[in-house]
Structure formats: structure tokens, C-alpha cells
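1. Have a look at this prediction, sequence included:
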Amino acid sequence: MTTQPLDPQTAALQAAQALLTAVGLSIDDLQQHSLQAGHGPILADYIDQQLSALRQSSPGSGDTYTAGLRLLADGDHKVCECDCPACDDLGGCPCACGCDVDADGAHHGRPCDQVAVQPHHESCTGRGGACASRWTGRGTLGFSALSLADLQQCQYWARVRAFAVNRDRDRRRVHRGRTPGGHDGRGASENYVGAIRWLYDRAIADGFATRNPARERLRKPKRKEREPRALSAPQAEEIYQTAITTGQDPDGDGLIVVYIAETAARRGGVLNSRYGFVNATECTVRVKEQKGDGPEHVVPVTPTLMAALHRHVMDRGPRRAAPAEAPEAQRRAGIPCVTAIDPLLYRAPVDEFDDDGYFVARTTRPVTCRSLDNLRERVKRYLPWADDFFLRWHDFRHTTGTMLDRVAGHAVAARHLGHRQPSDTTSIYTGATLIENAAAVAAIFGVDHPLVSREPGRQIEPTRRTDPTH
């Protein structure tokens, strides 16, 4: 009996497999060795790929991580360690080769690939070599060639860059007679560490790294001690009155302030609010935060706010053109077509009409991050104490939580804020209920709440209104 001779490739594969078996190795061992030898994508390409996917799945995290990851890959040629005012005034130091470097770090003049720079003035107070130091990035390396020292050095530069940006912003604030912020770049350093930890987790999952040095050795900076930032009743009143009297949209601005004050929602919870989150019968709103994996909880609100939200959505939400046989009023104003997934808060819409004045189409304008920022900055311009206080919308969350804690205790405040309860059994048994939360809200704002009035044997004694945003 004759056998078919093996082709050279099959014979080579069988010989290689037999050799691996003889020396006690496997294909996985070879792949691991190849990984450790430096095979795999370079950082710049891998970061681009992962950031693109992250922005689609979690836009907030994508925005937070982009700065640190781009700094690791691309570097920053326009930020030096020198903190003297002269370097700030000139926007950086000149290139050592003599060509000009613009604000984006691009060279002009003769071709130049130099990164090193030299001090450009005798009055430079930076420590020796500070003006000549730059972070060049590590985008051309793979994960196996990237050292812990590289990661730590980039973390340092993330803080240097943030400090330089904040220092320049503070100088402009002082020039306008405003209080400097005094930020020291800790937030940028913390975000950078979070970004690198996430990047290595992805690389391990894809088989390009075997461990996560950012979790093992890279430390986040210690946060500053937190201080209570609850607003007083007169301060909340002044903010509300300023919001409704200094802008072009008093109804929309006032509703934003009241919504944030009553729900105690974070910025992400405000932007993520939907019409389907509102329960008009029970006067509750479901708050779904964008922070983390999107925790959500239900909070009671006053009937006044509930009615205002319904009117707001019907007035400014999506509309469609009425048919020709519809009443005249509907043809001129359009027909609301709001769905559960439509946003809850809007700026003034832009409507289109035909030559006869009949409604054709509407472009809605949901509230955005910029809308919230513009409103807050306007309030700070008109209220010097708010500017000195560095007012944030999050301060209303502190305020509402403090009021609930004083009226009904810590458990009710924690429930309204959506904070995680301790995991011990007693805390689970004694946690606050939605009805207790509603009773506290009714007592604070001096109104009746449907959840409380329907509870058998439950009565509350309304107190004098302490929140002036109504």
C-alpha cells in the first residue's frame, strides 16, 4: 500500500508541532513571546481606534479621556515647564534652530524637526532648562516598549499643561477684576490616570498587553478636602431672579434653575432627561445620570414644577404640520408630537411657516452643555459673590441635599441624591422610601404632594417655603 506524500508546507507544520511538543511549548506560548517581543499596533493607531469606539458608546468618557491619551501619543510641543509671565506673554519659547513656532507648535521658516527650545529672554525665572523641556509623546511605541517611567512622565506633563492653561485663565480673570481660580492641575492628572488604566484594560482584552501598570503603580493625586457648598435661601433667590431677568429666555432659564434645584440632578442627569421620565400622576421624575454606567433613581417634585414641565414640552417640543381639514388654530400653530424619548428641556424653537402663515416644520433646540454654561456664566457676571464663589450647578445639588438632611434625615437626603446606600442589612431595611422622600419635599417647599396625600393615615404639616426658586 502506497501513501500520498505530504506537501512541503504540511510536512513543515507537522515537524514544527512535533518540535514544540518535544520541548514542552504550545502555540499560545509562541503568541505570548511574540507579544512581549513588541509585535502589535503602535500606541497612536491603537488610541485612535479605541477612542473612536469609546465616543460612540460613551461620549462623556470619550471627551474626558481624549486629552490624556492624545498627550501620551502626540506630546505637546508648545507647553514648557517655565511658569514665568514672560513665557506666557510670548506664547512659548522659540525653537533652538531659530525658526518661529506658532501657537499650535508648527514650525515656520526653514524645515525643522527639532523639538528642543532655548530661553528667549534674560528675565526668564524658570529653573535651569525649563524652557528647553518638552513632552514629545510616545505614539510610535508599542505597549511592550512603553515603560512605567514614560507613563509617569506623561502624567507630570498633563498636570503641567493644565496648570499652564489655568494660570493663563487666572491672569485674564485678574485683569478683568475677578478672583483667580487657583486650580493646580490635579483634575487633569486624575483624568489622565483613569484614561491610561482604561487603555491598558482594552489592550489586555485584545491581547496586546499582559498586565496593567497604570493600576498597579500609577497613582492618582490626592484630592483636596471637600467643603460644604450649600447655598443659602437668599443666595438661591438671587440666582433665580438673575436668571429670569437678565436673559432673552426668562421662562426657559427659570425652569432650568428650578428643575436642577428640585431634582438635585447632576449636569449629566439634566442633559439626559427625557419626557418619558416624567410621571405626572405621582409628580415624580426619573433621573438617569450619564456618570459611570448610567445609574438612575426616581425623585419627587412639586406639582408646580410638574405642570411647568408639561407646558414647556408642549410649547417647545417637536411639532408637525396639521392637515388641511384641521381647525385654523392647529394649522397655524402645528400639532405637538412629543414622544417618550424626546428631551425634557428646550431652548426656544425655530418654526417655519408658509406664505399663508400656516405652520410647516419646527427645529427643536434641546438644552446642551453650552446652554447650561452660558446661563451659569451670565449669573456670575451679574452676581460678584457668585463669581467669587465659583458657582456651579452642582452647588444646587449640595443645597437640596442639605435641606432634605436637615428636615428628614440622612437616609432621605441620600435617596433623593441617588447616593449608594451602605451594603449592610440594617441600612437596606431602614432605607428611605419614595413616600418619605415626597413628604420631605412637600415640607421643604410648602406644598401638598400626591404621593403623601394618598398614603393612608399619613398627614404632613406644611412648613413655610424655604426655597425661593418658586
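-> All right, it came through fine. Keep in mind that this is a model prediction, so the values were computed, not measured.
2. Now for Asp170, how many residues are close by?
-> If you count neighbours by other CB atoms under 10 Å, Asp170 ends up with 16. Every C-beta, even on glycine, is put in place using the N, C-alpha and C of the backbone.
3. now Val23
-> For Val23, using other CB under 10 Å, the count is 7.
4. Now Gln330: closest residue in space, sequence neighbours ignored.
-> Closest residue to Gln330 apart from its sequence neighbours, by CB to CB, 6 or more residues apart in numbering: Ala322 at 4.1 Å.
5. If you count neighbours, what's buried in stretch 161-176?
-> Neighbour-count burial for stretch 161-176, counted by 16 or more other CB atoms under 10 Å, picks out Arg161, Ala162, Phe163, Ala164, Asn166, Arg167, Asp170.
6. go on, stretch 140-157?
-> Going by neighbour count (16+ other CB under 10 Å), the buried part of stretch 140-157 is Leu141, Gly142, Phe143, Ser144, Leu146, Asp150, Leu151, Cys154, Gln155, Trp157.
7. Grab the most central residue of this structure for me.
-> Gly60 (4.7 Å; CA atoms, centre = their mean).
8. Figure out the helix or strand that that one lives in.
-> According to DSSP states H and E, Gly60 maps onto helix 59-74.
9. Please enumerate the strands of this protein.
-> In the chain, the strands defined using DSSP state E lie at 100-101, 107-108, 278-279, 284-288, 296-300, 319-320, 335-336, 346-353, 359-366.
10. show me where the stretch 301-450 of the chain has helices.
-> With helices called from DSSP state H, counting those that start in this stretch, the stretch 301-450 of the chain shows them at 303-316, 328-333, 369-382, 384-388, 394-408, 410-417, 425-429, 434-445, 450-453.
11. Can you say which of these is packed in most?
-> helix 434-445 (a mean of 23; mean count of other CB atoms under 10 Å).
12. for that one, packing partners?
-> Helix 434-445 sits against strand 296-300, helix 394-408, helix 410-417, helix 450-453, with contacts defined as 3 or more CB pairs under 8 Å, 6 or more residues apart in numbering; DSSP states H and E.
13. Quick one: list the elements packing against the first one.
-> Just to be clear, that refers to strand 296-300. So strand 296-300, by 3+ CB pairs under 8 Å, 6+ apart, packs with strand 284-288, helix 434-445.
14. List the strands paired with the first one, with their directions.
-> Strand 284-288 pairs in its sheet with strand 278-279 (antiparallel), strand 296-300 (antiparallel), by DSSP bridges.
15. Select, out of those strands, the one closest to Ser427.
-> Ser427 lies closest to strand 296-300 among the strands paired with strand 284-288, at 16.0 Å (CB to CB).
16. Quick one: mean pLDDT over that closest one.
-> Strand 296-300 carries an average pLDDT of 91.
17. Kindly report the same for stretch 363-372.
-> 94.
18. And Ser133, how close does it get to Gly254?
-> 51 Å (CB to CB, to the nearest Å).
19. my bad, Thr64
-> Remark: distance between Thr64 and Gly254 (CB to CB) = 31 Å.
20. Equivalent analysis for Ala443, please.
-> 23 Å.
21. State the pLDDT value of His398.
-> As predicted, His398 sits at a pLDDT of 94.
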